[in-house]
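what's the 3D shape of this:
(2 chains)
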2 protein chains.
Amino acid sequence: MSDLPARIDIQEEGPREGFQIADPPIATDRKIALIDALTGTGLKEIQVASFVDPRRVPGWADAEAVVAGITPRPGVRHTALWLNERGLERAIATGRLHLKALASTSASEPFLKRNQNQDFAANAAMLARNLARYRELGLTQVRLGVMASFGCNFAGEITPAQVVEAVARVQRLIDEVGLETAYICLADTMAWGNPESIRRVVGAVRERWPSHRIALHLHDTRGLAVANAYAGLQMGVDSFDASVAGLGGCPFAGHKGAAGNICTEDLVFLCHELGIETGVDLEALLEAARLAEEIFDKPLPGSVMHGGSLAAIRKRLAA
Amino acid sequence: MSDLPARIDIQEEGPREGFQIADPPIATDRKIALIDALTGTGLKEIQVASFVDPRRVPGWADAEAVVAGITPRPGVRHTALWLNERGLERAIATGRLHLKALASTSASEPFLKRNQNQDFAANAAMLARNLARYRELGLTQVRLGVMASFGCNFAGEITPAQVVEAVARVQRLIDEVGLETAYICLADTMAWGNPESIRRVVGAVRERWPSHRIALHLHDTRGLAVANAYAGLQMGVDSFDASVAGLGGCPFAGHKGAAGNICTEDLVFLCHELGIETGVDLEALLEAARLAEEIFDKPLPGSVMHGGSLAAIRKRLAA
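As a prediction, the model looks like this:
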């Protein structure tokens, strides 16, 4: 009935998503404290900064200082986000980041136009330039991302065929430049997905590229992120973006309805209860989530951080 | 791969669960306003009061006044909760309620002892008395409930065999008194369930009683309620308890971690997106959820009430 994976990988995006929207900005040393706490939880990949225009995103004006201040740990990749060449060069200049080649498109052209002022052709031209630069840098593995894979506020429903088309457009560019796809990340950017559409789209992409790994990036705006992750797990998906304490979403709301990405510790709790390994120490991650709540000084959307895991109860019962 | 039902029934429990823990108590006219709003949403069954000791539950000291003040509507059953004979007689005396025969046990004996100071034998004796009284009252259909069906803070893991045993104990009493089981409600009272354990337990109960309808009562303490509901839907479960805006849970916390039952409008949103009918007008229900937030004067756990459904976006796109 299901094909649950034995283990999953998690790309932690909480610091990058959370700090970019905090108003007023979080102090640099508090950002470093949260990233260092996350670095000790067993998470293998953490997006620790965003190299974007500080006039547009004042919350990341201190990206260089944050990256300079965090403590590396063997086996943990600290990554960053950039949206253009200038941002990439800033990330390179830190000398302290794991550079991850990103090639992201959208299944919805109206969303691309709205979000990046690009049509599919302009987007492809930009991706070709970026991929050439990645090759110069010696990066070989590309994260192929598709935004709006499950629906779009500007285009409505998105079909599995449109997602397959979007992947094919980027895969062609990756092939042309001689790089490889590390994995395909299907993003529910505007929280239109439901468990059955997750299954349909993942199924269609896997059918076309059976040997490519698939990841999911699930927003929790309408409360379905955990159910959607479970549907992905049932399809064998073994890689997820997630955000500690549910950080992210709307800058001006602390409630769950404004949540960003799926909450990391809730996803880890789900997986462990299902017998799926994550490599993460859930109790340490819950401590990090509570530190995030202290730093942001407002209730954050995570559930297990408030309700508690079952570990303490099981320990008491076993004693 | 799945066996989603064409439609589900929802038993709304928000007013009863929410009002019982509000401190200070909500004013009677505000309680009536929320129940009347819910009565107009298409929900067919709403638990509107709790007839319990007002010294222990001051939030329901006005149960009679609430029931006297609400407006009935054809096709909508207003039900109530009671824990003993005295409460049942108070509910009968209102003359305005749909009397629902309830026979609830627990799959965990330690939980029964802790919660009701009963072992299985004492619980069975009480249920036998209650069932005899229901027969006197002319009630024929019994809701057979099993608390702690997916795990217990005082007994740990609960096996499907223990749940089947619990159902069998009550079914025997129902048979003896000559009544019928309307449906079996499996309750995740302490939020130990996960999607796979939901599937296992529902499967075991259905295998033993293939013609009995199964309902789920899912607490959201650890963020898995919607995923657990989806797992139930995949098993063909077509009846759910739910709580508007996620009302319920810990009296002193407004955040999601303290949530009670699965949030009604999030469940309705999930079902509609999956093509499952609920009979509920989601936008009217979202209005009721927002009214609940106004009445309780704090952020409530629901997601769709904050993130918005997709209806307005789809309407704009279709225009």
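
going forward, measure contacts and count neighbours with C-alpha atoms only.
Will do.

Any buried residues in stretch A:111-122, and which?
A:111-113, A:118-120 (16 or more other Cα atoms under 10 Å in any protein chain shown).

so what's the backbone phi/psi at residue A:7?
phi -150, psi 160 (degrees, to the nearest 10).

Could you tell me how many residues sit around it?
By other Cα atoms under 10 Å in any protein chain shown, the residues close to residue A:7 number 17.

What residues of the longest strand belonging to chain A count as buried?
Secondary structure of chain A per DSSP state E: the longest strand is strand A:180-188. The neighbour-count check on strand A:180-188 (16+ other Cα under 10 Å) flags A:181-188 as buried.

nearest to chain B, of the residues you listed?
Checking the buried residues of strand A:180-188 against chain B by Cα to the nearest Cα gives residue A:188 as the nearest, at 13.7 Å.

Please report how far that closest one lies from residue A:124.
In this view, residue A:188 and residue A:124 are 21 Å apart by Cα to Cα, to the nearest Å.

Against which helices or strands is the longest strand of chain A packed?
strand A:141-147, helix A:160-177, strand A:214-218 (3 or more Cα pairs under 8 Å, 6 or more residues apart in numbering or on different chains; DSSP states H and E).

List the contacts of the residue nearest to the spatial centre of chain A.
Residue closest to the average C-alpha location in chain A (Cα atoms, centre = their mean): residue A:241, at 3.3 Å. Applying Cα atoms under 8 Å, 6 or more residues apart in numbering or on different chains to residue A:241 gives the contacts A:10-13, A:215-218, A:261-262.

And stretch A:197-209, what's buried?
Per 16+ other Cα under 10 Å, stretch A:197-209 contains these buried residues: A:197-206.

Which secondary structure element is home to the closest residue to residue A:262 other than its chain neighbours?
Once flanking residues are discounted, residue A:262 sits nearest to residue A:242: 5.2 Å by Cα to Cα, 6 or more residues apart in numbering or on different chains. If you go by DSSP states H and E, residue A:242 is part of strand A:239-242.

and that strand, average pLDDT?
Strand A:239-242 shows a mean pLDDT of 98.

which strands and helices sit next to the helix or strand following that strand?
Going down the chain from strand A:239-242, the next helix or strand is helix A:264-273, by DSSP H and E. Packing contacts for helix A:264-273, counted by 3+ Cα pairs under 8 Å, 6+ apart, involve helix A:225-234, helix A:282-296, helix A:304-307.

Can you lay out the ones you listed as CSV showing distance to residue B:80 and mean neighbour count?
What follows is the helices and strands packed on helix A:264-273, written out as CSV (distance: least, Cα to Cα, whole Å; neighbours: other Cα atoms under 10 Å in any protein chain shown):
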stretch, distance to residue B:80, mean neighbour count
helix A:225-234, 31, 26
helix A:282-296, 38, 20
helix A:304-307, 28, 25
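
could these be laid out in a markdown table, adding distance to residue B:222?
As requested, those are exported to a markdown table (distance: least, Cα to Cα, whole Å):
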| stretch | distance to residue B:222 |
| --- | --- |
| helix A:225-234 | 11 |
| helix A:282-296 | 12 |
| helix A:304-307 | 5 |
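
out of those, nearest to residue B:146?
For residue B:146, the closest of those is helix A:304-307, at 22.4 Å, according to Cα to Cα.

Touching stretch A:108-119 from outside, list them.
A:105-106, A:120, A:147-149, A:152-155, A:158, A:162.

repeat that for 10 Å
A:83, A:105-106, A:120-126, A:146-159, A:162-163, A:166 (Cα atoms under 10 Å, 6 or more residues apart in numbering or on different chains).
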